[in-house]
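> give the three-dimensional model of this entry:
(chains A, B, C and D)
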There are 2 protein chains.
Amino acid sequence: MSIKDIFPIEKWDFKSQSILQGIPPEDLAMLTANQTEHLYQKGEVVFREGAYPSGIFFIRSGKVKKYKVNEVAKEHIIYVANTGELIGYASVLADDRYTDSAAALEKSVVSFIPKEDFLKTLQHSAYLNRQLLKTLSHEFAVLANSISLFSQKSVRERTALQLVVLREKYKTDEIGLVEINMSRDDLASLVGTARENVVRVLSEFRSKGYLNTKGRKIVITDVTSLINIANYH
Amino acid sequence: MSIKDIFPIEKWDFKSQSILQGIPPEDLAMLTANQTEHLYQKGEVVFREGAYPSGIFFIRSGKVKKYKVNEVAKEHIIYVANTGELIGYASVLADDRYTDSAAALEKSVVSFIPKEDFLKTLQHSAYLNRQLLKTLSHEFAVLANSISLFSQKSVRERTALQLVVLREKYKTDEIGLVEINMSRDDLASLVGTARENVVRVLSEFRSKGYLNTKGRKIVITDVTSLINIANYH
DNA sequence: TCTAAAAAGTAATAATTGTCAACTTATTAA
DNA sequence: TTAATAAGTTGACAATTATTACTTTTTAGA
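So this is what the prediction gives:
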């Protein structure tokens, strides 16, 4: 049984991978003509909120957090972008500054595509246009889900849900046990609460046998129970 | 002094008005060829989450709330759409069911444009494509702001902020005092808390001279103080 | 492999928010 | 106009969440 039968993962995942999948080769060539590749260390910033976008980013490997920082320097993670996803493009399209920051959650390889190439390709490629509209609309729905998550669920429920979502994101090709490798601080700012609360909830889940932890690593052993706690009908 | 000098209203407002503004006449003609108009009474539902979209909606007059309903039938308002805004189009573009519901907050006139006309116009109009991409990207940023609002601000701060935003939405053409005419239940589900909490915060603001209330109507007399409470730097 | 430094985990307590009950003020329809 | 109904308001209290202070474990570098 796949998790998709019991949990609507698509409500929480952007799948911007699809943007470049199936793109006509000549459009892709135009888009990637001047791309550059860069290795980001864990914690390294890809772009910062408020800066003017000079291009878009494609995650070749690794994971990147998208987050906002408040007045007292506390982070709030809006989304965890995975290998194959495109980030930073909405700000280019809105002709606005970056509205959030992005930083590598683990060692990641990211390609940079200059704004000019992106916009030029957009003028030529009906396919890219269509895919962007479709993807953005979906991402919009995902964010709307996140908002009601915050306004209507408890810390315990939100933690359970984010763990289920993270488990999907940390899955590797080989089927087997999934290790979620994320600091408690990052997990807390994803759930939207204090680190202590996340730790407490994790302890409870551990004691009930839903998961194991080893240092920062989390292995979920009973997804079904977590899905029930997240209360998704 | 305009409010724009002290408060970034664009961070909280979709401005999807711009989608149809400046559209070439022939594109507009194609889009609106088969539109129908309908008067919605206060509270009447325009579309419901989970339904398959058959078209998009243009608000000719009035205000429409976009909301989600949870398992215990509690509403959460994601956004208040105003006269001139387009709604329901993201679901058509994502080729998905409606991901939220829409209902009139006051007597409203709404035009319906069939999905086929919308998609056909989209294939012909580079302008519409560009505007939609730009608008969706901006709306995405607005939702991201709402998420951090929830995760990082108290009920009191959120209430202050939503009042400032609502004041802009309830402004009429004539300059003068603005009456926010919204039920406490709707205001509470916009702020994301219980009705009682919103009432309490309103009482405090009233006693401090930031606003007056008369029944459900709210008149803000000191926006600056509210902006300071919302803590927007 | 040893050892600081960083991160994870725990407990107690304070602050905020949610819920219930009672009551007052508006609104609506007979 | 008035009775009935709905909506708004207030207070008390319970539940949840944040904060502070601290111990234990893990990690990364010498």
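> and residue A:233, what pLDDT?
On the pLDDT scale, residue A:233 is placed at 40.
> actually residue A:174, not the one I wrote
71.
> what strand or helix carries the residue positioned nearest the centre of chain A?
Central residue of chain A (CA atoms, centre = their mean): residue A:80, 2.1 Å from the mean position. Taking DSSP states H and E as the criterion, residue A:80 maps to strand A:75-81.
> paired strands for the helix or strand that that strand is followed by, with orientation please.
Following strand A:75-81 in sequence order, the next helix or strand is strand A:86-87 (DSSP H and E). If you go by DSSP bridges, strand A:86-87 pairs up with strand A:55-61 (antiparallel).
> now the angle from the partner strand to strand A:75-81?
Put simply, strand A:55-61 runs at 70 degrees to strand A:75-81, going by axes from the mean of the first three to the mean of the last three CA atoms, to 10 degrees.
> what's the mean pLDDT across strand A:55-61?
On average, strand A:55-61 scores 96.
> other residues contacting it?
A:20, A:35, A:37, A:46-47, A:64, A:81-89, A:92, A:102, A:108-115, A:117-118 (CB atoms under 8 Å, 6 or more residues apart in numbering or on different chains). For the C-beta atoms, the positions are set from N, CA and C on the backbone; glycine is no exception.
> now the angle from the lengthiest helix in chain A to helix B:126-152?
Longest helix of chain A, by residue count under DSSP state H: helix A:126-152. Per the same axes, to 10 degrees, the angle that helix A:126-152 makes with helix B:126-152 is 20 degrees.
> is the next helix-or-strand element following helix A:126-152 in proximity to DNA strand C?
If you walk from helix A:126-152 toward the C-terminus, the next helix or strand you reach (DSSP H and E) is helix A:155-169. No: Helix A:155-169 does not reach DNA strand C (CB under 7 Å from any atom of the strand); its nearest approach is 11.5 Å.
> related to what we said a few turns ago, write the ChimeraX selection for whichever of the contacts of strand A:55-61 are buried.
ChimeraX command restricting those to the buried ones, with burial defined by 16 or more other CB atoms under 10 Å in any protein chain shown:
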select /A:20,46,47,64,81,82,84,85,86,87,88,89,92,102,108,110,111,112,113,114,115,117,118
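> related to what we said a few turns ago, next one: the strand holding residue A:80 to chain centre, how far?
7 Å (CA atoms, centre = their mean, to the nearest Å).
> quick one: strands adjacent to that strand?
strand A:64-69 (antiparallel).
> buried ones in the longest helix of chain A?
Buried, per 16+ other CB under 10 Å, within helix A:126-152: A:128-129, A:131-152.
> show me the shaky parts of chain A.
Applying pLDDT under 70 to chain A flags residues A:1, A:232-233.
> enumerate the residues of it near DNA strand D.
Going by CB under 7 Å from any atom of the strand, the residues of chain A near DNA strand D are A:154, A:155, A:156, A:192, A:193, A:194, A:196, A:197, A:214, A:215, A:216, A:217.
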